[in-house]
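Asker: Need coordinates for the below:
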Amino acid sequence: MGANHSREELFSSSDSEEGEENEEAKYEYAHENDERGSSSDRRIKSPTSLDDVDAKLKALKLKYSSSINIPNAVKLYLHVGGNTPKAKWVTSEKLISYSFVKTNTVNDDEEEEEDDDEVRDSETFWVLIVGSKIRSKVSVEMQMKIFSDQCRVDFVADAVWAMKFFTEEHCKVFVTQFENCLFENTYNVEGNEKNKVKIFGKDFIGWANPEAADDSMWEDAEDSFSKSPSPVRPTQDLREEFEEASNGGIQSLALGALDNSFLVSDNGIQVVKNYAHGIHGKGAFVNFADGYQSQGSSALVTPKKTLLMKAETNMLLMSPNPGRQTLHSTGLHQLDIETGKVVTEWKFGKDGTEITMRDIHNDSKGAQMDPSGSTFLGLDDNRLCRWDMRDRHGIVQDLVDSSNTPVLNWAQGHQFSRGTNFQCFATTGDGSIVVGSLDGKIRLYSVSSMRQAKTAFPGLGSPITHVDVTFDGKWIVGTTDTYLVLICTIFTDKDGNMKTGFAGRMGNRIAAPRLLKLSPLDSHLAGANNKFHNAQFSWVTENGKQERHIVATVGKFSVIWNFQQVKDGSHECYRNQQGLKSCYCYKIVLRDDSIVESRFMHDKFAVTDSPEAPLVIATPMKVSSFSMSSRR
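Answerer: Numbering: from 1, shown residues only. All right, here's what the predicted structure looks like:
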């Protein structure tokens, strides 16, 4: 199965006979197969405007003038048929009214049963009500997409809906109301200028009012990107090369930049070979029963986090402590890949006290290829540190002869008093660190200090569950449940020098972020319970090379954005948008099962006819590789 473009849900006029009361605006897919037989992009036939639909409705001699007397009047459409060839928009209500109501429940029946005093005392929030059809809490989960030029908004509320406004001014009023209600629901304060400054700070006011932000940094970055070698071909597509079943339920994917990659499953680690067309071939299989178990216990432990080290000859395996829902571990195992044996079980400790870690990471983007590397980074809710595996006393533990677990050496770091709520982190090519938090903040630490962040970007209201950064440190992508946030870290210091936020305080010339989102229809098809996870840039470890794509997973979708396209301020997605710019142009690879992880292989595996290395997609039972190739 190949990749698919996102769908722009545009209405086309119906062929229904004049006089039919239920006019339908049909929504069709055009399938365009390439000559090599790879799967097609999904594109929309050139649609006509909703104005054509309006003209036909007016021909029915309906009393349109009555809409003038109805406050907040709109036309309501419902999308039916999912992504099948029969998918279409149907008219749900030719004339209906919407309102924003502050309440303490989404369910109207429950609200009527509540005592008035209880309603006043409980926490309230804004709800969008459209006639008797829609009642939804105003939130990012609605995936509101605005088409200002069409006087229309699309959104998700248990189904995919569209509202068409009668004038451009009515549309603007709705958008303003929605954004104010969203701000108040997110931050529990009214969405006025004073509160926006309080939430975001003066330096980041462009995040709340993007029209006032400095977008020149994006333009500077676009210029530098265009100078990099091997420009992206605008007609790139994905072509499947390889698919293979795994030996068990895959839990994670450990991509190597050298000879091998590794599929970590419920009962062991499967070794596969790296090739220019993807990963291939069943190699050795390391069974966890051969030594990977908790100390003092015979119970099998499935690792949830892996880290390649020492020129990819060793792997660190970390699992949550028993009884914990999230990955908080007091130690890890060191696996010698060449022998297939666990050589050491390490404990996390500081000042004689056992502590936990929720994540581990390599010192830098290419550190796993260093044969002499002995340190790695650790992260917990309020800790950021560097661990050293060299024993202070020069003693190497033998698991067979020793029951004493060595304690890792806390080489560098800081234990914050409280409130940081760190969730995830990543490193640049020089070892600078970016950390994402539960409150949505993204902090940048230089390679020389973990105590004080050089820059702290404010949150947009959603927790950061995963974070990645380009090799040069100029770009950061943060993952939230419902969208990705792309941040430019470039700024000009007082001497006129270009720097990144890892090297110094960015001041007030800070560009607004851009959001990467699914369309309301794709979001609905992905499933309400499926969230974005693990957004990654393509993988480079060489100065002067630029990452070319961003990939993330949501349910059975692997979603790929063209990085250059996202940065292009003149890109068609950004036309007529209000608020933060959101990019909806992406490709989708659909799997039969929920995707565990999607990642691009190292840039060295890019083939001659493509500037991009293969994409690897792992589901619990199999792994697939795709090459980026020019369409013929």
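Asker: who's residue 334 bridged to?
Answerer: Residue 334 has the following beta-bridge partners by DSSP bridges: residue 316, residue 344.
Asker: That one: neighbour count?
Answerer: For residue 334, the number of neighbouring residues by other CB atoms under 10 Å comes to 20. Any C-beta I mention is one placed from the backbone N, CA and C, and that applies to glycine too.
Asker: Ok, residue 529 next?
Answerer: 6.
Asker: Helix, strand, or coil at it?
Answerer: Of the three states, residue 529 takes coil under DSSP: H, G, I helix; E, B strand; the rest coil.
Asker: ditto for the one 5 residues further on
Answerer: Reducing the assignment to helix, strand or coil with three-state DSSP, the entry for residue 534 is strand.
Asker: That one and residue 558 touch, don't they?
Answerer: No - with the criterion set as CB atoms under 8 Å, residue 534 and residue 558 do not qualify as a contacting pair; they are 10.5 Å apart.
Asker: Return every residue with contacts to both of these two.
Answerer: Between them, residue 534 and residue 558 have 552, 598 as joint contacts when contacts are counted by CB atoms under 8 Å, 6 or more residues apart in numbering.
Asker: Comparing these two, which residue is more hemmed in?
Answerer: For residue 534 and residue 558, the more surrounded residue by other CB under 10 Å is residue 558, and the numbers stand at 27 against 20.
Asker: Could you check how far the more buried one is from residue 525?
Answerer: 14 Å (CB to CB, to the nearest Å).
Asker: Likewise for residue 597?
Answerer: 21 Å.
Asker: Any buried residues in stretch 147-163, and which?
Answerer: Buried residues in stretch 147-163, counted by 16 or more other CB atoms under 10 Å: 147-148, 150-157, 160-163.
Asker: Tell me the one of these nearest residue 304?
Answerer: Distance to residue 304, by CB to CB, is smallest for residue 156 among those, at 30.7 Å.
Asker: Show me the beta-bridge partners of that closest one.
Answerer: As for beta bridges, residue 156 partners with residue 160 under DSSP bridges.
Asker: Please name the residues that touch residue 373.
Answerer: Remark: with contacts taken as CB under 8 Å, 6+ apart, residue 373 is in contact with 309, 310, 362, 363, 367.
Asker: Next, it: phi, psi?
Answerer: Here is the backbone geometry of residue 373 (degrees, to the nearest 10): phi -60, psi 130.
Asker: ok, now how distant is it from residue 467?
Answerer: Between residue 373 and residue 467 the distance, using CB to CB, works out to 22 Å.
Asker: wait, residue 72 sits on residue 101?
Answerer: No - with contact taken as CB under 8 Å, residue 72 and residue 101 are classed as non-touching, separated by 11.8 Å.
Asker: and these two? which has more neighbours close in?
Answerer: Of the pair residue 72 and residue 101, residue 72 is the one with more neighbours under other CB under 10 Å, namely 17 against 14.
Asker: ok, that one - contacts?
Answerer: Contact analysis of residue 72 by CB under 8 Å, 6+ apart lists 97, 98, 99, 170, 174.
Asker: now with 7 Å?
Answerer: Going by CB atoms under 7 Å, 6 or more residues apart in numbering, residue 72 touches 97, 98, 99.
Asker: Tell me where this protein has helices.
Answerer: With DSSP state H, the ranges of helices along the chain come out as 50-59, 108-113, 116-121, 168-187, 193-200, 205-208, 216-226, 520-526, 563-567.
Asker: care to break this protein down by domain?
Answerer: Residue ranges for the domains of the chain, per the TED database: 73-105+123-191, 215-223+231-629.
Asker: Check those for me: which has the lowest mean pLDDT.
Answerer: Lowest mean pLDDT of these: domain 215-223+231-629, a mean of 84.
Asker: what about that domain, distance to the chain center?
Answerer: Relative to the centre of its chain, domain 215-223+231-629 is centred 12 Å away, using CA atoms, centre = their mean, to the nearest Å.
Asker: Please apply the same query to stretch 199-207.
Answerer: Between the centre of stretch 199-207 and the centre of its chain there are 23 Å (CA atoms, centre = their mean).
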